[in-house]
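Engineer: Build me a model from this:
(one chain, ligands or ions: 1)
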Amino acid sequence: MDHADRFLRLSLSEPDLAASHVLAAYHLTPSEGQDFLTTVAQFAAESGRGTQVPLGNDSPLDVVAYEANPASGLVKLAFPLTLFDFGIESCKASVSAFLNLLVGNTQGMGEIAAVKLHDFHLPEGFVKAFDGPATTIASHWQHLGRDETASGMIVGAILKPKLGLGPAGLADAAYRFWLGGDLVENDQPQGHQSFAPLPETLTHMAEALMRAQDESGSGKIFSMNITCDDPAEMDMRAELALAAFAKTPESLAFHVDAYLAGPMALTHARRTLPGFLSAHRAGHAAITSQRSNRGYSAFVLMKLNRLMGASGIHTGTMGFGRMEGDEADRPIACMIAQNVAQGPYFEQNWHGMKRSAAIVSGGINALRLPSFLQNLGHSNFILAAGGGAFGHIDGPTAGALSLRQAEACWLQRADPIAFAAEHPEFARAFLSFEADADIIHPGWRAALSPA
Ligand code: RUB
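Structural biologist: The predicted model follows:
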């Protein structure tokens with residue numbers, strides 16, 4: 001007998017549920033021929049105890065649907081906190097268990113054509129059961145010799161292993177970028193490839209970084225990818241890096257693909273490694289894409305990354321770079337970096353959890369940066385430009401300087417073409433990225449052509 005209807009409780013109010021439940025907002029489309037409310041009831045049932053308990057036996061463990069709008073497809077479920085899993089000794093919350101409840105078996109229900117999680121809300125006690133970041137962008141600012149609050153963009157670059165560079169070549173490319181910039185991040189597939197064995201690569205990178213620090217007189221940062229299937233292998237790689245950077249430990253940060261390697265990899269890194277930890281997200285679009293009507297949104301993934309303890313999170317470029325996204329993604333950057341922030345459906349109070357910094361990457365260059373900054377409204381994030389740095393016509397040092405100048409141009413609210421006339425590396429970015437220059441600044445050719 002199907003008695004799923006009892007999980008449909010449209011008279012319950014959100015404020016009454018919020019303190020003792022995780023609230024989740026979905027967009028749901030029933031399969032053809034299915035009634036909307038019946039499907040919502042089955043969805044709520046499957047999310048919780050299913051129909052495996054006798055009729056009339058309501059329980060505080062029931063997952064209930066408290067909002068269901070057939071016109072918009074919006075469905076809100078309330079999950080009692082007692083359903084969630086906590087560490088035996090650590091008492092810490094688990095993101096994989098959280099995802100299992102919110103986007104587990106229900107993703108494959110026959111009655112449902114599409115269901116996607118767009119937002120969730122956690123009560124105070126539950127927020128505090130997650131690790132959260134150990135450190136923030138302030139530690140990077142400090143190492144770079146800047147103030148610890150709102151000290152602006154960290155000019156970073158990503159080196160693609162697809163270039164096939166060996167240890168010396170990678171280190172030399174990084175060194176040349178560091179002479180103008182702050183941070184070099186491994187591309188997310190960079191590991192222990194035959195053309196760049198990790199032990200040798202790390203030795204070269206550490207030597208190049210210290211040379212760049214000595215010559216420039218300021219701190220530099222290397223963010224190393226340690227994404228692996230096996231935590232023991234991850235530990236081994238991290239230990240090699242800690243040994244290679246022992247003379248300048250503040251220069252070393254780690255990053256993990258928190259989507260492909262998952263919550264276990266990020267959490268393991270958060271709990272075992274010192275310093276700044278970043279979450280990459282390569283692969284995420286397979287489920288978070290705006291064109292996908294299943295899974296969960298990029299907003300949800302970012303929020304989970306802060307809970308798991310990423311100090312920096314790849315958030316995308318909000319439509320100003322190469323990856324999918326648009327200006328309306330701005331709340332993602334706010335949600336990870338504020339103490340109270342508004343999501344698409346819920347306001348979340350982080351109750352003092354440390355803030356994560358956005359890592360902005362993928363198709364950004366000096367010409368695209370000012371409009372990106374205008375949309376975001378601040379520059380307190382980490383830029384990780386690949387092509388925008390190494391694709392500069394005069395090489396990576398000039399590429400780095402052009403990106404720093406692009407931030408200065410926006411901070412001064414200067415006209416980019418007039419600013420370029422006074423800043424040669426920024427001006428040469430117009431020649432480096434001509435197609436972008438033609439679209440963003442038509443008329444630049446006449447204004448910036450040599451006399
Ligand atoms: C983007 C990404 C990019 C590199 C370099 O990931 O990893 O491939 O950053 O890009 P995300 P480019 O969207 O998750 O930040 O060379 O275009 O700068």
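Engineer: Please list the residues of this protein that sit near the ligand.
Structural biologist: With C-beta under 6 Å from any ligand atom as the criterion, the chain comes near the ligand at residues 158, 188, 281-282, 314, 316, 322-323, 361-364, 384-388. C-beta here means a position set from N, CA and C on the backbone, and glycine is covered the same way.
Engineer: Produce a ChimeraX select command limited to the buried residues of those.
Structural biologist: Restricted to buried positions by 16 or more other C-beta atoms under 10 Å, the ChimeraX selection for the residues of the chain next to the ligand reads:
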select :158,188,281,314,316,323,361,362,364,384,385,386,387,388
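Engineer: Just to be sure, which of the residues of the chain next to the ligand are found in helices?
Structural biologist: With DSSP state H as the criterion, helices contain 387-388 from among the residues of the chain next to the ligand.
Engineer: what ranges do the strands span in the stretch 51-200 of the chain?
Structural biologist: For the stretch 51-200 of the chain, the strands defined by DSSP state E, counting those that start in this stretch cover 64-68, 74-80, 112-121, 154-159, 183-186.
Engineer: quick one on the thing from earlier: among the residues of the chain next to the ligand, name the ones in strands.
Structural biologist: Under the assignment DSSP state E, these contribute 158, 314, 361, 384-385 to strands.
Engineer: got any ranges where the stretch 351-451 of the chain has weak pLDDT?
Structural biologist: In the predicted model, the stretch 351-451 of the chain carries pLDDT under 70 at residues 450-451.
Engineer: Just the closest residue of it to the ligand, please.
Structural biologist: Here the stretch 351-451 of the chain gets closest to the ligand at one residue, residue 386, 2.3 Å apart by C-beta to the nearest ligand atom.
Engineer: repeat for the stretch 201-350 of the chain
Structural biologist: For the stretch 201-350 of the chain, C-beta to the nearest ligand atom, closest residue to the ligand: residue 314, 3.6 Å.
Engineer: List the contacts of that residue.
Structural biologist: By C-beta atoms under 8 Å, 6 or more residues apart in numbering, the residues touching residue 314 are 278-281, 359, 361, 384.
Engineer: Name the nearest residue to residue 395, ignoring sequence neighbours.
Structural biologist: What sits nearest to residue 395 in space, not counting adjacent residues and going by C-beta to C-beta, 6 or more residues apart in numbering, is residue 176, at 6.1 Å.
Engineer: Report how many residues lie close to the one you found.
Structural biologist: Other residues near residue 176 come to 21 when the count uses other C-beta atoms under 10 Å.
Engineer: Wait, it touches residue 394, no?
Structural biologist: No: with contact defined as C-beta atoms under 8 Å, residue 176 does not reach residue 394; the gap is 10.6 Å.
Engineer: quick revisit: could I get the strands of the stretch 51-200 of the chain as TSV with mean pLDDT?
Structural biologist: Converted to TSV, these look like this (pLDDT from 0 to 100):
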stretch	mean pLDDT
strand 64-68	97
strand 74-80	98
strand 112-121	97
strand 154-159	96
strand 183-186	96
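Engineer: what about the helices in the stretch 301-450 of the chain?
Structural biologist: With DSSP state H, counting those that start in this stretch as the criterion, the stretch 301-450 of the chain has helices at 330-337, 369-376, 387-390, 396-411, 416-422, 424-432, 434-440, 444-448.
Engineer: which ones are touching residue 127?
Structural biologist: Residue 127 neighbours (C-beta under 8 Å, 6+ apart): 307, 348-351, 353.
Engineer: same check, this time on residue 412
Structural biologist: Applying C-beta under 8 Å, 6+ apart, the residues near residue 412 are residue 419.
Engineer: Give the bridge partners for the residue of the stretch 51-200 of the chain at minimum distance from the ligand, please.
Structural biologist: Using C-beta to the nearest ligand atom, the closest approach of the stretch 51-200 of the chain to the ligand is made by residue 158 at 4.1 Å. Residues in a beta bridge with residue 158, per DSSP bridges, are residue 185.
Engineer: cool, and residue 222?
Structural biologist: residue 184, residue 252.
Engineer: Might one say that the residue of the stretch 351-451 of the chain closest to the ligand is in contact with residue 177?
Structural biologist: No: applying C-beta under 8 Å as the test, residue 386 and residue 177 come out as separate, 10.4 Å apart.
Engineer: Need the overlap of contacts for those two.
Structural biologist: residue 157.
Engineer: related to what we said a few turns ago, and which of the ones in strands among the residues of the chain next to the ligand is nearest residue 341?
Structural biologist: Closest approach to residue 341 among these (C-beta to C-beta): residue 314, at 18.1 Å.
Engineer: Identify the residues contacting the residue lying closest to residue 201 once chain neighbours are set aside.
Structural biologist: Of all residues not flanking residue 201 in the chain, residue 167 sits nearest, at 4.2 Å (C-beta to C-beta, 6+ apart). Residues near residue 167 by C-beta under 8 Å, 6+ apart: 196-197, 200-201, 203-205.
Engineer: rerun at 6 Å
Structural biologist: Residue 167 is in contact with 196, 200-201, 204, counting by C-beta atoms under 6 Å, 6 or more residues apart in numbering.
Engineer: cool, residue 255 as well?
Structural biologist: Per C-beta under 6 Å, 6+ apart, neighbours of residue 255: 223, 225, 278, 280.
Engineer: Pull up the gap between the last one and residue 31, please.
Structural biologist: Meaning residue 280. Distance from residue 280 to residue 31, counting by C-beta to C-beta, to the nearest Å: 35 Å.
Engineer: Check the first one too.
Structural biologist: Residue 223 is 44 Å from residue 31, where distance means C-beta to C-beta.
Engineer: out of those two, which sits in the busier spot?
Structural biologist: Using other C-beta under 10 Å as the criterion, residue 223 and residue 31 rank with residue 223 on top: 24 against 12.
Engineer: So residue 279 lies in a helix, does it not?
Structural biologist: No: looking at residue 279 with DSSP: H, G, I helix; E, B strand; the rest coil, it is strand, so not inside a helix.
Engineer: Pull out the buried residues from stretch 211-226.
Structural biologist: For stretch 211-226, burial by neighbour count (16+ other C-beta under 10 Å) applies to 212-213, 219-226.
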